[in-house]
Structures are given as C-alpha cells and as structure tokens.
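Student: What follows is a predicted structure for the sequence shown.
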Amino acid sequence: MSPLYSEDKTLDGLSKNKFKYIFFSKNSSNAIHCGICRSSEHQCTLVFRRDFWEISRALEFGIVDSDSSTKRQTHYVGVRPLSAPLLLLQRVYYLSLEFYMGRTLQNTMVNLGLESACDEAIYQVETLFLGLLVLWHLPQPSPWAHWTGRLGEMPEDKQAQNSGTCFLDSMASLGLAAYGYGIRYEFGIFNQKVVNGWQVEEADDWLRYGNPWEKARPEYMRPVHFYGRVQHTAEGVKWVDTQVVLALPYDTPVPGYRNNIVNTMRLWSAKAPCDFNLKDFNVGGYIQAVLDRNLAENISRVLYPNDNFFEGKELRLKQEYFVVAATLQDIIRRFKASKFGSTEFVAIQLNDTHPALAIPELMRILVDVEKLSWEKAWDIVIRTCAYTNHTVLPEALERWPVDLFQNLLPRHLEIIYEINRRHMERITQLYPGDVDRMRRMSLIEEGDVKKINMAHLCIVGSHAVNGVARIHSDIIKSTVFKDFYEMDPHKFQNKTNGITPRRWLVMCNPGLADVIAERIGEDYIRDLDQLKKLLDFVDDEALIRDVAKVKQENKLKFAAHLEEHYKVKINSDSMFDIHVKRIHEYKRQLLNCLHIITLYNRIKKEPNKKWTPRTIMIGGKAAPGYHTAKMIIKLITSIGDVVNNDPVVGDRLKVIFLENYRVTLAEKVIPAADLSEQISTAGTEASGTGNMKFMLNGALTIGTMDGANVEMAEEAGEENLFIFGMRVDDVEALDKKGYDAVSYYNRIPELKQAVDQISAGFFSPDHPGLFKDLVNMLMHHDRFKVFADYEDYIQCQDKVSALYKDTKAWTKKVIHNIAGCGKFSSDRTISQYAREIWGMEPNLEKIAAPDDPR
C-alpha cells in the first residue's frame, strides 16, 4: 500500500486521483444510539428533560460521536497516480466574510444517508424516555413524530442561507478539495423583533449554546498584526511595532452527498495574546487590561458592525484583514507541507470585495517575507486569485479611507500604492493621454476624503472576474466596470448562481422530493438537469394531483406554524403570496405595499365579488442604520393592522410581516409558497437565490426581467412565469428622458388613491404624517421607479388571481417551473467555477470507506 499524505498524520491506503477528505462512518443506529446516550450523560450533563432540547442536542453529539469525520479522522489523500493530470491536485480556498449555514444536523443526515439510522436510534431513545416518564409520573410530550422541527436550530441559523454555503456543499459533493474560510462570529447582526410595528434589534448570540459540529484547532493558531510602522532597510521592508491578535481556527465538517467525502469550513476566532498588557496587570491596572483584551477579541464578536461611525469602520476593516491574514498563513503552511510544491495547485476565490486584502497581503508575504521579486510575486497573485462581484450598484462597492489604511495597515497601503502606480503605467501605455480614463480606473479615488476602491483592487489583482447572473455580468461589463472590460476582456466571465438541492428540496420539502423521485428516480439529486424528465408527465393527472397535494400539506403545516408562533390564523386555501428578502428600496417592498392597498380598496368597493383569497407575507431585516428600510417595515405592519382587522375583508386578504426571517423560517415558508415576489427594478439585482429556491419548491414567480429571473424565464418558458415591468433598456431610456413620478400619480387613479391614503394617515391615524418621508421619496427621489412599474404589476397580479382559481392549469405551470430548475443547481455553478476559473475537474466517483474493499 502507498503511504498517504495527511495534514495531521500518515495513513496507509490508496488514493483515487486527487486530494480529498475521506470520511470514516459507522452509520449504524446502534452506534448513533450509543452516541446519544453517552452524549446525554457527558456532553449535555442531563438525564432527560421534557422539552427535548437536550435530546436533540444529544443526537447531534451522538452523530458526532459515531461519525469519525467529526472526530477529525478525516484526511486529505495526497498521492497522485502517475497518469493523473496535475490539475487534479488543485486545492481551492473560498474566502467569504459570511457563511449562513442553517440547520446542520438535518443537512448532515441527508448528505450522509443517516436518516434511517437516526430514526431507529431515536426510536430506541424514545422508548427508554417514555418509559422513564411513566416511572416518574411526568406528563408525556407531544408525539415524537415532530422531532425534526427543532433539530439543529443552532447558533449558525442566520437570516438566509447564502450562495457561499450552497457552494461548500457542492464542492464536497463534486469531490473538489476545498476549504471555506471566514470568521467565527459570536453575535449575528441582530434578532429582529417587531414592537408596535417597528423593527427592534436584539442581540443574536450564535454561540450561546455552543456548537457540537465545530472543533477548535489551537495547533494552527496564527498571529495577525495591526497598526505599527514600516521600516525600509537594506535587507528589505519590515512591518514593526505592531499590535498582535491571535486567530484561533474552528473546523466544521462539510459532507458531500453520499460520496464519503468531507471538506472543511475553517472559521477564525480572535484571541488576545497571553501576554496582552501583562504590565498593566502587574501594576494593578486590571480593568484597563481586561478592556484592552476585549477590544482585541471584538474582531470576531459581531457580524456587520455599524460602520456609520469611525470605530465601526475600523472594526470592519480589521475583520476583513483578520480573516485574510490568518487564512493566507494557513494556505502557505499547507502549501509548504505539500509534496507538490507548485503555486499552480492553489486557487483563491474572493467572494465579493470583503476579502480583497488578500491581494496586498499575499504580495506582502511573497515580497517582504519570502523575498520574491515584485514581478514574480505579482504573477503568483494574479494566477492564484479570482473575484466574484455581487452588486451592480456603484454605491454598494466597498471604499476605504486612505487615512484609515495608513493607521491600521501602513505596509498594505504602500503595496496598494505600488500596485496602482504600475496599473496607471499600463493604462498610459494602452490609452496615451486619456487622463479621464486613468481617473476612472485608479485604485485610489480622489476627493475630499481620499479612498481605496476595493473592487478595482480585486479586478486588477485577479485573473478572473465573474458576475452571478448573465444579465448582471453583462451590466458590469457595460457600466460599472466598462473600462476594465475594455482593457482586459478575457478576465470577465459569468457564473450564474445556484442552490443546493439537498437542502432546498430533499431536506426542506421531502414530500415533493419523493413525488419527483417516484417519476424519474433519485439521480436528479446529484444531477438536477434530470428534472427535465418531468416534462414527460406534465399532463399526467396523478402527478398534477400529487404536486398539488404536497403543496397543500406544506401550507397547512406553515399555517399551523404561524398560528403557534405568530398567533395569527390564516386561510390555508388562500394563495400564499410571499415576499421575503432584505428590506431595501431596490427590492421594492413598497411596490408590493401599493398592490396590497389597491387590492384592499377593490374588496371594499365590491365586497360581494368573488375575490381570489390571498395571504400576503413579507419578511426581512432592515440594516440598523437604514431609516427608510425601517419605515418600510412600519408601513407594512400598519397596512396589516388595518387590513387584518377589517370585517368587510375577512379572510379574503391577510397581510403578515414574518418577524426575524432566517434560514429555518425559510425552510418552512418556501415549500408552502404559491407565489414568489421577485420585483426589483430591472438592472439592480445581481442574481438572487431565493427566486431559485421558490421555483424548485413549486412556487410560481411574479417578477421583473432582473437578475436570475431572466434565465429562469428561459429555462421554464416565459409563459410559465408572470413577467412584468420595464426591461433594462427601458430603465436606461427612462433615465435619459427623466423619470417623472408625479405624472404616473396623476394619470393612474388607483395609484393616486393608494398614495393619498398613505399620505393622509389612513394607515397611521394616530400619527397622520408618519409616512410623509416615504411618500416624498416616492414622488420626488425614487431611484428605483416604483410608480413606473405599478400599472403593469397590478395587471400582472390580476392574471395571477385568475389563474389561481384553475388548480390544474396552475399546477401544470408549477411542473414546468420545477422541470426548468436544472440550471440552478449549485453543482452546475461550481462545476463551471472549477473548470473555467480554478483549473480543476469535478469527480462524481464515490470514495470507498476504509473498511470497504478497495
């Protein structure tokens, strides 16, 4: 047997054809049952409690106990057969400041095929548990059949699972040797409470109950430096007199889908050095020393510190450098330990501009520490780094004040200046005399406050730049990055986003997953393109009936959830019209509000007409410092107060604001949705993934031709979506002509009535002028042109209501949409990243477990 290289130790065995995590599993109900019992005694320090919280936690520890991947018996196989191409040795490092993981337990069970084993283990525990209840004369809990409802609602349950998390799942499922790197935050941005209709932020303590899935790796702790000064010596440049913070890594396993491969997500936690201000301790300055220590560890304290203040800006920049510096040290350590010492085997993907400092930091390491020439170092950086852009809005691109850099990262500022100098020289050679182009393309933006444009840094320092939907990629090439595209067209690519079908269908909507599998088999879970086979059954009465039945069951479950947690009773036969996403002007929740008011006015005007009943649910968080977004939430809740309490309307129209929208809530509401609202102004949404999740789960989309909606319409057929509104060209033409909101207000009576009701205080009788700022914005300063799309939106909603009355015709469109979802698998997205950016080849072959014959 050939010796296998491992990061931690050497094993015996045979490799397949690339570095992989190999997963050793016992996968038996007895092993899991024993793990639960051991964990309930040792990890959870309990016997049993009535609310089952500890038992669900014990199950997590039980899988950890029986599953050697989480015991860290996972290893990269590092032996390459002589016939294997070099690209198979590539490792990819995915850098992101946010990974929204959602429920880990259930996802792990699905990917590892442990559902049956866990069911059996739970049955064994349940029998013991209920027997103890009888002996102790305790009241018995509700049926265990609902046990999955709370499993894994861990501190990693954030607002919405992002594409980065889906990508990690796909990298493991495709057999790619990949690491995800980020920060182990103690607190999320906030828990959202709605008090008297207003958003109130509460601390969101992600680590309050610990995390059984993570493993601290103190042996890989790394120092990260801040502040200090730069010395230029004969031996080279040195960064000295710095303040040091330690980065402690925590590893979380990311299992592939039933292929015995487990990758790692490594998150860094900030720790003060042991000798941090020890002098203060010794002279009695205990309080100040503790405060200083807390300041150091604040780096990983909270996601998205409020950057409206200098301290928040500095902390955010510290976070961005912290994760980059620790990660690059880890990458270089692993690279030096590798048997194959070529930089061709390393790919670093920068997810948005937040990890942009990887470019100057890697230059600093290569030039100042490793003593490479600038030209050699820059060549390595360019070939290693690639950048994903996530926005078409220029104001959303990160810019950092030069003064802040000078104080916090003085050496990096020097490196950025040198990168920019050489960049300007190249522009001068290609476009002599074009001073305006130089100004537009510079990494340094002049003005009252000189700033560094991080997106420009990413483009200059990367070999590939991609958007996340075809229309988005086209827009950035023709607008915000037009000059860069003209200079280096070969860099620009498109990689349309995708979602993992394991979580967003198999896990959250097992009923629909089973209905699909009965018709086309289960292979679609790994190859979502196979959903096209459903088109052969689009007229099949049994399939139409089964799909409609699953949807109604999901609606009943979610209605029960709303009644239990929101104290709201709704009509489960009504259309579930869902609009869940971050609250922002460009997402146009205000357009939805105008439709609600219009529908309300119509019902009031003709109460005896047979209206299609609707339950409209809007959810999402507003950034704490974003006043307009908070006012939008207040308007939604105020409209709901009026509509929901009007006896004339009854259950024909309900408006619900879904408080504290997050992954676990998304997993409940998305399978229950009939209609998905994707109504941003054309040309403003980069891609979106929520639209794909709704589509895969059998909701029809009402939306503009924006983001991934364009490709969804192509895949499912535009006739199977409800498309309305201006296209990108129309928006551009209106910008040139001049958008006059007042003209729409004066021309459209229903729009005028709705706006007047908001303005006059109909929805805020105690504070008639409460929404005057929103009305003023809509009338005079609306960049996102709500009124321009209002009329078409209302007409499109009328078509939605008419079709919903015909269950069979509606369900046929649903089947067309599900069949068109193949393109939107994150497996397809990652396969394209691998082949076209990272130089890797996905491998769907299942790796044999160590106890299997090889």
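Tutor: Nice, I can see it. Numbers count the residues shown, from 1 in each chain.
Student: does residue 618 have beta-bridge partners, and which?
Tutor: On the basis of DSSP bridges, residue 618 is bridged to residue 579, residue 657.
Student: I'd like to know how many residues surround residue 787.
Tutor: Neighbour count for residue 787, taken as other C-beta atoms under 10 Å: 23. The C-beta positions use only the backbone N, C-alpha and C, and glycine is treated the same way.
Student: I figured residue 491 was touching residue 464, is that so?
Tutor: Yes - with contact defined as C-beta atoms under 8 Å, residue 491 reaches residue 464; the gap is 5.9 Å.
Student: So which residues make contact with the host helix or strand of residue 813?
Tutor: Using DSSP states H and E, residue 813 falls within helix 807-819. Helix 807-819 is contacted by residues 512, 516, 531-535, 537-539, 543-544, 547-548, 551, 674, 695-696, 698-701, 712, 716-717, 720-721, 803-804 when judged by C-beta atoms under 8 Å, 6 or more residues apart in numbering.
Student: ok, 7 Å please
Tutor: Residues from elsewhere that reach helix 807-819, judged by C-beta atoms under 7 Å, 6 or more residues apart in numbering: 531-532, 534-535, 538, 543-544, 547-548, 695-696, 698, 700, 716-717, 720, 803-804.
Student: Equivalent analysis for stretch 827-838, please.
Tutor: By C-beta under 7 Å, 6+ apart, the list of residues contacting stretch 827-838 reads 90, 92, 167, 170-171, 173-174, 176, 347, 386, 464, 493, 495-498, 528, 840-842.
Student: still on that earlier bit, can you flag which of the contacts of helix 807-819 belong to helices?
Tutor: 543-544, 547-548, 695-696, 716, 803-804 (DSSP state H).
Student: and the next element down the chain from the helix holding residue 813?
Tutor: Downstream of helix 807-819, the first helix or strand assigned by DSSP H and E is helix 826-833.
Student: Dump that following helix to PDB, restricted to CA.
Tutor: C-alpha atoms of helix 826-833 as PDB (Å, rounded to 0.1, in the frame of the first residue of the first chain):
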ATOM      1  CA  SER A 826     -25.000  25.000  -7.300                       C
ATOM      2  CA  ASP A 827     -23.400  21.800  -8.600                       C
ATOM      3  CA  ARG A 828     -23.600  23.300 -12.100                       C
ATOM      4  CA  THR A 829     -22.300  26.600 -10.800                       C
ATOM      5  CA  ILE A 830     -19.300  25.000  -9.000                       C
ATOM      6  CA  SER A 831     -18.500  22.800 -11.900                       C
ATOM      7  CA  GLN A 832     -18.100  25.900 -14.100                       C
ATOM      8  CA  TYR A 833     -16.000  27.700 -11.500                       C
END
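Student: now the end-to-end length of stretch 639-656.
Tutor: Start-to-end span of stretch 639-656 (C-alpha to C-alpha, to the nearest Å) is 9 Å.
Student: mind saving the C-alpha coords of stretch 397-407 as CSV?
Tutor: The C-alpha coordinates for stretch 397-407 follow below in CSV (Å, rounded to 0.1, in the frame of the first residue of the first chain):
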residue,chain,number,x,y,z
LEU,A,397,-18.9,48.8,-3.8
GLU,A,398,-16.5,49.0,-0.8
ARG,A,399,-14.3,52.0,-0.5
TRP,A,400,-12.0,52.6,2.5
PRO,A,401,-10.5,55.9,3.6
VAL,A,402,-6.7,56.1,2.9
ASP,A,403,-6.2,57.6,6.4
LEU,A,404,-7.7,54.6,8.0
PHE,A,405,-5.4,52.3,6.0
GLN,A,406,-2.4,54.4,6.9
ASN,A,407,-3.1,53.9,10.6
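Student: Tell me the buried residues in that stretch?
Tutor: Using 16 or more other C-beta atoms under 10 Å as the test for burial, stretch 397-407 gives 397-402, 404-405.
Student: on contacts alone, who are the packing partners of the strand ranked longest in the chain?
Tutor: Determined from DSSP state E, the single longest strand within the chain is strand 243-255. Applying 3 or more C-beta pairs under 7 Å, 6 or more residues apart in numbering; DSSP states H and E, one finds that strand 243-255 contacts helix 104-112, helix 163-173, strand 215-216, strand 222-226, strand 262-271, helix 310-337.
Student: With respect to burial, which of these scores highest?
Tutor: helix 163-173 (a mean of 27; mean count of other C-beta atoms under 10 Å).
Student: Now do the same for residue 38: its pLDDT.
Tutor: On pLDDT, residue 38 comes in at 54.
Student: my bad, should have said residue 312
Tutor: Residue 312 is assigned 84 on the pLDDT scale.
Student: about what we covered before: let me have the helices and strands packed on strand 243-255 in CSV, extended by distance to residue 607.
Tutor: Shown next, in CSV, are the helices and strands packed on strand 243-255 (distance: least, C-beta to C-beta, whole Å):
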stretch, distance to residue 607
helix 104-112, 45
helix 163-173, 45
strand 215-216, 62
strand 222-226, 65
strand 262-271, 55
helix 310-337, 51
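Student: I am finished for the moment; much appreciated.
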